[in-house]
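1. Provide a 3D model corresponding to the input given below.
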Amino acid sequence: MKRISLIIVVLFFFTVHSNSQTDWQVLNSGVIVNLYGVYFTNINTGYVCGASGTILKTTNAGSNWNLINSSVSYQLNDICFANDITGYCSGNSGIIKTTNAGVNWFSVFSGNQMNKIQCIGNVIYSGGQNGIYKSTDSGQNWINTVSGYSGTIRGLCFLNADTGYGMGSIADQRRTTNGGSNWIGGLYWGPGDYSFGECYFFNSGSGFAGCSFNSGYPNYYSSYSIYKANTWSSWYQVYSSAAMGIGGITFTGNDTGYAVGGGWTGSAYQSLILKTINGGNNWVTQNYTISQILQDVYFLDSKKGYAVGRGGIILKTENGGTIGINKISTGTPLSFSLFQNYPNPFNPVTKIKFDIPSNVKRQTANVKLIVYDILGKEIQTLINEQLQSGMYEVTFDGSNLPSGVYFYQLRVGDFVGTKKLILLK
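-> Now for the predicted structure:
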């Protein structure tokens with residue numbers, strides 16, 4: 001990570017306003033079954049699939065959801081569309097297809113548990129039990145492209161009809177550049193039991209994977225992580241949690257990405273929504289939780305997205321969510337101010353307040369709030385966006401950091417403010 005001095009002044013220019021408000025809203029799905037996959041064919045039309053053969057459809061951007069007869073009763077794990085009317089659902093006993101925008105569904109593959117599915121025109125890939133299956137004729141015929149594989153593929157990401165990645169149980173990583181004719185394995189992950197879930201890759205070959213880990217005998221310690229690969233053979237951890245697993249990962253560009261999941265807190269189930277604004281180097285918990293685990297996330301653009309989860313939960317954001325940023329007053333400050341975090345020392349969460357005054361020459365300002373370690377190494381970017389004048393409060397979670405002295409710095413135009421905070425676990 002880049003090392004910078006805490007006293008460097010950086011000038012920023014001022015552009016269009018993007019207000020940070022409360023972010024995710026719960027939509028009325030009309031069902032209480034667990035939901036596992038979400039896909040939109042356009043800004044208004046979307047589909048969700050889940051347990052007991054459930055398929056829901058909206059034609060008004062999620063305001064209303066209609067239950068569709070899927071023709072099956074088994075759990076449906078993922079959904080994709082090749083065009084506006086032709087779509088596929090993968091499930092615990094096979095794959096079903098629609099050719100009339102979800103009105104009717106029929107089976108095109110049966111017998112195996114299929115977890116993820118992806119459409120690339122007439123070429124369809126689906127990962128699941130014993131391999132990665134491919135159809136080149138819109139689902140009429142299927143072949144297993146991973147001969148002799150005995151694991152389960154849980155994550156699937158194809159960049160085009162030729163280049164794709166599969167991530168699965170028993171720490172398995174697979175990559176193909178010739179449409180599945182050959183698959184190359186990744187690194188050996190051990191010791192311990194690693195199991196990969198959802199994944200996302202860029203054309204450059206860099207990518208991300210959600211991962212669960214159990215240390216095995218004698219401690220049986222479990223944890224959950226997001227790993228980043230700058231190249232296929234070089235992975236490192238960018239997020240970890242003792243209880244919060246990852247169900248879905250997506251990016252809306254090179255820098256901004258989202259991951260959803262959740263876990264058991266010891267007294268209740270809780271959702272997890274993470275956001276990165278620096279290419280996945282840091283993941284920050286968004287200031288929104290519900291008492292359900294989230295399973296999948298889908299974004300139409302950099303702002304509008306949906307997440308689905310257990311108990312019939314469907315969430316929607318129209319501003320890309322926030323990273324714990326709240327505008328706490330409509331008043332107009334007279335000057336820039338960066339306040340001492342509270343509590344301090346803290347364990348593991350604290351709040352940071354700051355003021356942005358009005359200015360006759362500019363109504364919005366690009367704001368950066370960054371946390372550094374004692375050596376000046378950048379640890380986490382809390383804010384990097386335009387904000388209107390006002391009084392703000394940001395939540396900083398140090399769960400993934402060791403105890404110690406840190407600094408946080410606010411930069412707005414030619415204003416630079418720095419203060420010290422102490423994490424004491």
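2. CA atoms for contacts and neighbours, from now on please.
-> OK.
3. Skip the chain neighbours and tell me the closest residue to residue 380.
-> residue 371 (5.2 Å; C-alpha to C-alpha, 6 or more residues apart in numbering).
4. cool, and residue 299?
-> Of all residues not flanking residue 299 in the chain, residue 305 sits nearest, at 3.9 Å (C-alpha to C-alpha, 6+ apart).
5. Surely the one you found and residue 260 touch.
-> No: using C-alpha atoms under 8 Å, residue 305 makes no contact with residue 260, being 11.8 Å away.
6. shared neighbours, the two?
-> Common contact partners of residue 305 and residue 260 (C-alpha atoms under 8 Å, 6 or more residues apart in numbering): residue 297.
7. Could you confirm residue 400 falls within a strand?
-> No: per DSSP: H, G, I helix; E, B strand; the rest coil, residue 400 lies outside any strand segment and is coil.
8. Mind telling me what element the closest residue to it other than its chain neighbours is part of?
-> Residue nearest to residue 400 in three dimensions, not counting chain neighbours: residue 240, with 6.8 Å by C-alpha to C-alpha, 6+ apart. Assessed by DSSP states H and E, residue 240 sits inside strand 234-241.
9. picking that back up, of residue 305 and residue 260, give the one with the bigger neighbour count.
-> residue 260 (26 against 22; other C-alpha atoms under 10 Å).
10. Could you pull up the residues touching that one?
-> By C-alpha under 8 Å, 6+ apart, the neighbours of residue 260 are 246-249, 271-274, 294-297, 307.
11. switch the cut-off to 7 Å
-> Shown in contact with residue 260 (C-alpha atoms under 7 Å, 6 or more residues apart in numbering): 246, 247, 248, 249, 272, 273, 274, 294, 295, 296, 297.
12. For burial, what's the neighbour tally of residue 288?
-> If you count neighbours by other C-alpha under 10 Å, residue 288 ends up with 17.
13. got it, and residue 116?
-> Residue 116: 27 surrounding residues under other C-alpha under 10 Å.
14. Make sure residue 409 is actually in contact with residue 418.
-> Yes: applying C-alpha atoms under 7 Å, one finds residue 409 in contact with residue 418, separated by 4.3 Å.
15. What strand or helix carries the residue nearest the centre of the chain?
-> Nearest residue to the geometric centre of the chain (C-alpha atoms, centre = their mean): residue 259, 1.5 Å. Following DSSP H and E, the helix or strand that holds residue 259 is strand 257-264.
16. Need the pLDDT of residue 20.
-> pLDDT for residue 20: 35.
17. try the one 4 residues further on
-> Residue 24 is assigned a pLDDT of 90 by the prediction.
18. Surely it touches residue 320?
-> No: between residue 24 and residue 320 there is no contact under C-alpha under 7 Å: 8.6 Å.
19. returning to what we had before: inside strands: which ones of the contacts of residue 260?
-> Using DSSP state E, 246, 247, 248, 249, 272, 273, 274, 294, 295, 296, 297 are the members of these that sit in strands.
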